[in-house]
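1. this is a predicted model, with the sequence first.
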Amino acid sequence: MGFPEGFLWGTATASYQIEGAAAEDGRAPSVWDVFSRTPGKVLNGDTGDVATDHYHRWREDVAAMARLGVGAYRFSISWSRVLPGGAPNPKGIDFYSRLVDELLDHGIAPVATLYHWDLPQELEDAGGWPARDTAHRFADYAEHMGRALGDRVHTWTTLNEPWCSAFLGYASGVHAPGRTDPVDALKAAHHLNLGHGLANRALRGTVSPSAQHSVTLNLHHLRGEDEAVRRVDAVSNRVFLDPMLGRGYPADLRDDTAGLTDWSFVRDGDEDAVAAPLDVLGVNYYSPTLVRTWDGTSPREHADGHRQGAATPFVGCEDVEFAEQPGPYTAMGWPIDATGMEELLLRLHREYPGTPLMVTENGAAFDDEAAADGGVRDGRRVAYLRDHIAAVGRAIDGGADVRGYFAWSLLDNFEWAYGYSKRFGLIRVDYPTGERTWKDSAFWYRDAIAAHGATIDASRSAE
């Protein structure tokens, strides 16, 4: 494999999943604090109160990134930590300022995500993302952070996976805040889009002219019957892609959901505001999705990769089912198929030409255990990474303008509604002690980065 000069190799995390220090230095509760502390919402009653204690161990974690040889680190900022109650919190802002400086001191480009699902609880109490004002509060937050860090951040990412925020949070209820109203989910999707556009513009007025501006979407790579694919594509992919890239909301999405809403929450000028210029589109990929029209009588399959909630997160697709796919599978039950990565990137190249792309998350959860010698033999993760990085290389060969790859995740962490039961990290975390141990995949990724995608000796790995 060959990758273009300047291709950015990185790794990624999210604030609530790793930081801990949930009530320290002025941080206020987020929706995930409240959700995770609600009995029955998160497996084993786990919370992010301590997580991997990154808030206190961040220097150690940056040093590990330096040893990995990554050129960039994608982290997210806790809105509740930096603007509790809407007022700037110097201690919270200083944490990220010191983190950014440490990254730069190690030659690692800071890639800052403003929103990775952890809405301040006071904003949820005021209506959350279904409320239009939240988009404006998000733009205010972006401006604050732009002024604080804008001279040093390489890439600003407004939102991470807004589909999850809108549809898992407000339609199926399996993510915070746990609401189940399909119309609120569509409103939330629009206000996330609007918040993205307003925040993008706010950032451009406060940050270095050399900074890149981005958003990260978890695009579902769909296979199956044409009509089922079209319907799910509309509400899972094009609901964000089309307005963000200047095409407005898809007419078929409006038609599919006309029985729920007339979309009057989209006001004049909103679609222009959403279509703020992007320097790069972040793409998160883990596995493909197989869909077909449900016959209405046989047991309905729900293999969509998400926990089953009280309702489907795919609003307007109640007659679609998500079919089981052949293995092998990750510990999440997701099928392993790297060809989907290549196909998705080439689809974006074909249908949204001229859009630079970045793989901002890709990785796999497996049941990693330390061996007697202390090592972690995660050969299946090595194979997953190897095959998916090769797929990125093929997409580049096919013409896709892919500018970087970020492995998910640097550390084992709080995996949302699955608590600490799923391990995605290159580095294993012993949760009682916080001790970090490099897995074989970390050594492999280090060598892959050093070789810039050349053939890598995976002999350190064992199945």
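-> Looks like it came in fine. Numbers count the residues shown, from 1 in each chain.
2. and residue 414, what does it touch?
-> Residue 414 is in contact with 16-18, 46-48, 51-52, 420, counting by C-beta atoms under 8 Å, 6 or more residues apart in numbering. Where you see a C-beta, it was placed from the backbone N, CA and C, and this is true even at glycine.
3. need the residues you listed in a markdown table (columns: distance to residue 31 and neighbour count).
-> Below are the contacts of residue 414 laid out as a markdown table (distance: C-beta to C-beta, whole Å; neighbours: other C-beta atoms under 10 Å):
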| residue | distance to residue 31 | neighbour count |
| --- | --- | --- |
| 16 | 9 | 27 |
| 17 | 14 | 24 |
| 18 | 17 | 26 |
| 46 | 16 | 20 |
| 47 | 13 | 22 |
| 48 | 11 | 27 |
| 51 | 16 | 27 |
| 52 | 20 | 28 |
| 420 | 19 | 19 |
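4. so who does residue 381 touch?
-> For residue 381, the contact set (C-beta under 8 Å, 6+ apart) comprises 363-364, 366, 368, 426, 439-441.
5. now do 7 Å
-> When contacts are counted by C-beta atoms under 7 Å, 6 or more residues apart in numbering, residue 381 touches 364, 366, 439, 441.
6. pLDDT averaged over the helix ranked longest in the chain - what is it?
-> With secondary structure taken from DSSP state H, the chain has its longest helix at helix 182-204. In this model, helix 182-204 has a mean pLDDT of 98.
7. give the pairing partners of the helix or strand encompassing residue 114; include direction for each.
-> Following DSSP states H and E, one finds residue 114 within strand 109-115. Strand 109-115 sits in its sheet next to strand 72-76 (parallel), strand 155-160 (parallel), going by DSSP bridges.
8. and that strand with helix 182-204, angle?
-> 140 degrees (axes from the mean of the first three to the mean of the last three C-alpha atoms, to 10 degrees).
9. roughly how far is strand 109-115 from the heart of the chain?
-> The chain centroid and the centroid of strand 109-115 are separated by 12 Å, computed with C-alpha atoms, centre = their mean, to the nearest Å.
10. report the buried residues of the helix or strand just after that strand.
-> Sequence-wise, the next helix or strand downstream of strand 109-115 (DSSP H and E) is helix 121-125. For helix 121-125, the buried set under the neighbour-count rule, 16 or more other C-beta atoms under 10 Å, comprises 121, 123-124.
11. which parts of the stretch 151-300 of the chain are helices?
-> 162-163, 169-170, 182-204, 226-233, 239-244, 251-256, 270-274 (DSSP state H, counting those that start in this stretch).
12. so which of the strands paired with strand 109-115 gets nearest residue 449?
-> Proximity to residue 449 (C-beta to C-beta) singles out strand 72-76 among those, at 10.8 Å.
13. export that closest one to PDB, keeping only CA atoms.
-> Coordinates of each C-alpha in strand 72-76 appear next as PDB, following Å, rounded to 0.1, in the frame of the first residue of the first chain:
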ATOM      1  CA  ALA A  72      -2.600  13.700  15.100                       C
ATOM      2  CA  TYR A  73      -4.900  13.100  18.100                       C
ATOM      3  CA  ARG A  74      -8.700  13.500  17.800                       C
ATOM      4  CA  PHE A  75     -10.200  14.300  21.200                       C
ATOM      5  CA  SER A  76     -13.400  15.900  22.300                       C
END
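14. which outside residues touch it?
-> Against strand 72-76 from outside (C-beta under 7 Å, 6+ apart): 8, 10-15, 65, 103, 108-113, 116, 154, 160, 360, 404, 406.
15. quick revisit: of the contacts of residue 414, which is the nearest to residue 77?
-> Distances from residue 77 to the contacts of residue 414, taken by C-beta to C-beta, are shortest for residue 16, at 10.9 Å.
16. so that closest one sits in a helix?
-> Yes: the assignment for residue 16 is a helix, going by DSSP: H, G, I helix; E, B strand; the rest coil.
17. list the contacts of it.
-> By C-beta under 7 Å, 6+ apart, the residues touching residue 16 are 30, 32, 48, 78, 118, 414.
18. again, only using 6 Å
-> Residues in contact with residue 16 (C-beta atoms under 6 Å, 6 or more residues apart in numbering) are 32, 48, 118.
19. would you confirm that residue 68 contacts residue 444?
-> No: contact criterion C-beta atoms under 6 Å: residue 68 and residue 444 do not qualify, at 10.5 Å.
20. tabulate the strands paired with strand 109-115 (JSON lines), appending mean pLDDT.
-> Output for the strands paired with strand 109-115, formatted as JSON lines (pLDDT from 0 to 100):
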{"stretch": "strand 72-76", "mean pLDDT": "98"}
{"stretch": "strand 155-160", "mean pLDDT": "98"}
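21. right, and residue 273 touches residue 197 too?
-> Yes: in this structure, residue 273 is within contact of residue 197 by C-beta under 6 Å, at 4.3 Å.
22. so which of those two has more stuff around it?
-> residue 197 (24 against 19; other C-beta atoms under 10 Å).
23. does that one touch residue 276 like I think?
-> Yes: Residue 197 lies in contact with residue 276 (C-beta under 6 Å); the separation is 4.4 Å.
24. buried sites along stretch 224-237?
-> Neighbour-count burial for stretch 224-237 flags 224, 228-237 (criterion: 16+ other C-beta under 10 Å).
25. go on, stretch 74-93?
-> 74-84, 89, 92-93.
26. looking at the nearest residue to residue 234 once chain neighbours are set aside now. What's its pLDDT?
-> Closest residue in space to residue 234, ignoring its immediate chain neighbours: residue 253 at 4.0 Å, by C-beta to C-beta, 6 or more residues apart in numbering. Looking at residue 253, its pLDDT reads 98.
27. tell me the spacing between residue 253 and residue 85.
-> Distance from residue 253 to residue 85, counting by C-beta to C-beta, to the nearest Å: 36 Å.
28. for residue 326, which non-adjacent residue is closest in space?
-> Per C-beta to C-beta, 6+ apart, closest to residue 326 is residue 335, 6.8 Å.
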